[in-house]
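Engineer: Fold the stuff below for me.
(2 chains)
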Amino acid sequence: MSDPRTGLEQGLDRDDAAFVRRIEESYRPEQLSPSRRVAFRAALDARIHRTPTRELWTVLATASAIALALVLLRVSGGPIVPTGAPAPVVAHATSRDPGAAAGDDTMLLALAMSDDSDDENDASLPDDYAAIADLFLEGV
Amino acid sequence: MHDLVHPFADRPRVTGVPDGAILAGVEVESELARRFDAFVNEYRERAVRIAWRLLGSDSAAAEDVAQEAFARAHRGLPRFRDDAKLSTWFYRILVNEVRRHQRWSGVRRRWHADDPEPDAVQDPKTRGDAARPDPALRRRIGEAVRALPRGQREAFVLVHLEGLTIAEAANATGRAVGTMKSHLHRALASLRTRLADLAPTGARSAEETR
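Structural biologist: Numbers count the residues shown, from 1 in each chain, chains lettered A, B, ... in the order given. As a prediction, this is how the structure comes out:
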């Protein structure tokens, strides 16, 4: 590349050029010592050769994130439950104990006591999803 | 400087480093590695210096950024095309790495408000003493340069301090030439205000008499 000195005069009058030259001379890092040069090169080589490993970690991290998302979806039930799934829990609790519908506290208790086990969710899931989820759950 | 075979010997060359026309045609891996070594040796100091100036005098960060830029250049070398100078292409990578570092350091600063200022803490073993500029003056200039908006800082450092042409600096920063000129003008005006005592005596006395 061109010499910095030649760049100083780009569109500058004499005073500006002198001002910029003063900055250029004062605002510079110390030169790398020979040992620092060796360390720099070693670090660069390590960085170059580390790249495939980093990419592998990125792939693994992405796969783990997807697996975690699937597990969370499986636990929460939410959007994966098909239309043929059991009725909502509130209705289920109400029908089990009609007299308790009078108070919110009782309803909350019924919610907490309702039978919402993993086995029930498993039964409601598509077969292919359950297989994938089990695969990831084994690894978690 | 390097015993590099230059198949385009009649083409004018700015430095002893091969340009893209050579590297793009290299298919033998060992030869590519040898030329990459030459490139690193030729541009190492300058890459660290540019990063240091753009980052506002942070030596550790500058070396880190320069290494990452070289590593990215190494990965991208097989795809490098002949339509640009290798140095210009590398400067673009370097500037992007500086920006990436600044984005992350901005995030880090929000979480670690007590982080030291750039180069406020230095390991004496890593610092050479030869031809050391006045530390106080360097710190003052560093603060003034750091205070510039990013576009102005990049334009000022690349053109006025590193000697790139405006077109080369525009290419490296991804900005239009006209924008670069505007940034240069504003950066210089801002620095002359902040560092008025560094201006030549004649210019200062002329301003004082106004």
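
Engineer: quick one: low-confidence parts of chain B?
Structural biologist: In the prediction, chain B carries residues with pLDDT under 70 at positions B:1-28, B:81-84, B:106-133, B:201-210.

Engineer: Chain A now?
Structural biologist: Looking at chain A by pLDDT under 70, you get A:1-10, A:51-55, A:77-140.

Engineer: Nearest to chain A: which residue in chain B?
Structural biologist: Nearest to chain A, among the residues of chain B, is B:G163, at 3.1 Å (Cβ to the nearest Cβ). Using the backbone N, CA and C atoms, a C-beta is placed for each residue, glycine as well.

Engineer: May I have the secondary structure class of that residue?
Structural biologist: The three-state assignment at B:G163 reads coil, by DSSP: H, G, I helix; E, B strand; the rest coil.

Engineer: What distance do you get for it to B:F39?
Structural biologist: Distance, B:G163 to B:F39, using Cβ to Cβ, to the nearest Å: 19 Å.

Engineer: between those two, who's got more neighbours?
Structural biologist: A count of neighbours by other Cβ atoms under 10 Å in any protein chain shown puts B:F39 above the other of B:G163 and B:F39, at 23 against 20.

Engineer: Touching, that one and B:L86? I think so.
Structural biologist: Yes - when contacts are counted by Cβ atoms under 8 Å, B:F39 is listed as touching B:L86 (7.1 Å).

Engineer: now the helices for chain B?
Structural biologist: Assigned by DSSP state H, chain B shows helices spanning B:20-25, B:29-55, B:59-76, B:86-111, B:135-147, B:150-155, B:166-173, B:177-194, B:201-209.

Engineer: Buried residues in the fourth one, which are they?
Structural biologist: It refers to helix B:86-111. Across helix B:86-111, burial judged by 16 or more other Cβ atoms under 10 Å in any protein chain shown covers B:86-99, B:101-102, B:105.

Engineer: That helix vs helix B:29-55, what angle?
Structural biologist: Helix B:86-111 and helix B:29-55 are oriented at 50 degrees to each other (axes from the mean of the first three to the mean of the last three Cα atoms, to 10 degrees).

Engineer: touching chain B at all, the top helix by length along chain A?
Structural biologist: Of all segments of type helix in chain A, defined using DSSP H, the longest is helix A:34-76. Yes - Helix A:34-76 lies within reach of chain B by Cβ under 8 Å from any Cβ of the partner chain, at A:36-37, A:40-41, A:43-44, A:47-48, A:51.

Engineer: Show me which of those are buried.
Structural biologist: Buried subset of the residues of helix A:34-76 next to chain B (neighbour count, 16+ other Cβ under 10 Å): A:36-37, A:40-41, A:43-44, A:47-48.

Engineer: Now do the same contact list for the nearest residue to B:A71 once chain neighbours are set aside.
Structural biologist: Nearest residue to B:A71, sequence neighbours excluded (Cβ to Cβ, 6 or more residues apart in numbering or on different chains): A:R47, at 4.5 Å. Counting by Cβ atoms under 8 Å, 6 or more residues apart in numbering or on different chains, A:R47 touches B:67-68, B:71.

Engineer: Just among these, which is most surrounded?
Structural biologist: Taking other Cβ under 10 Å as the neighbour criterion, B:Q67 ranks highest of the contacts of A:R47 with 24 neighbours.

Engineer: my guess is that residue meets A:L44, correct?
Structural biologist: Yes - using Cβ under 8 Å, B:Q67 is in contact with A:L44, at 4.8 Å.

Engineer: if we can go back for a sec, quick one, the longest helix of chain A and helix B:29-55 angle?
Structural biologist: Helix A:34-76 runs at 90 degrees relative to helix B:29-55, counting by the same axes, to 10 degrees.

Engineer: Tell me how far the residue nearest to B:I141 when sequence neighbours are not counted lies from B:L191.
Structural biologist: Of all residues not flanking B:I141 in the chain, A:Y27 sits nearest, at 4.2 Å (Cβ to Cβ, 6+ apart). Here A:Y27 is placed at a distance of 10 Å from B:L191 (Cβ to Cβ).

Engineer: Identify the contacts common to the two.
Structural biologist: B:V145.

Engineer: Quick check: B:F80 touching B:L86?
Structural biologist: Yes - contact criterion Cβ under 8 Å: B:F80 and B:L86 qualify, at 7.0 Å.

Engineer: Give me the spatial nearest neighbour of B:R99, chain neighbours excluded.
Structural biologist: B:R99 sits nearest to B:R150 (Cβ to Cβ, 6+ apart), 7.5 Å away.

Engineer: Could you do A:I23 as well?
Structural biologist: B:I141 (5.7 Å).

Engineer: Identify the residues contacting the one you found.
Structural biologist: B:I141 makes contact with A:23, A:26-27, B:195, B:198 under the criterion Cβ under 8 Å, 6+ apart.

Engineer: Which member of these is positioned nearest B:S182?
Structural biologist: Lowest distance from B:S182 to the contacts of B:I141 (Cβ to Cβ) belongs to A:I23, with 19.7 Å.

Engineer: roughly how far apart are that closest one and B:R140?
Structural biologist: To B:R140, A:I23 is 10 Å away according to Cβ to Cβ.
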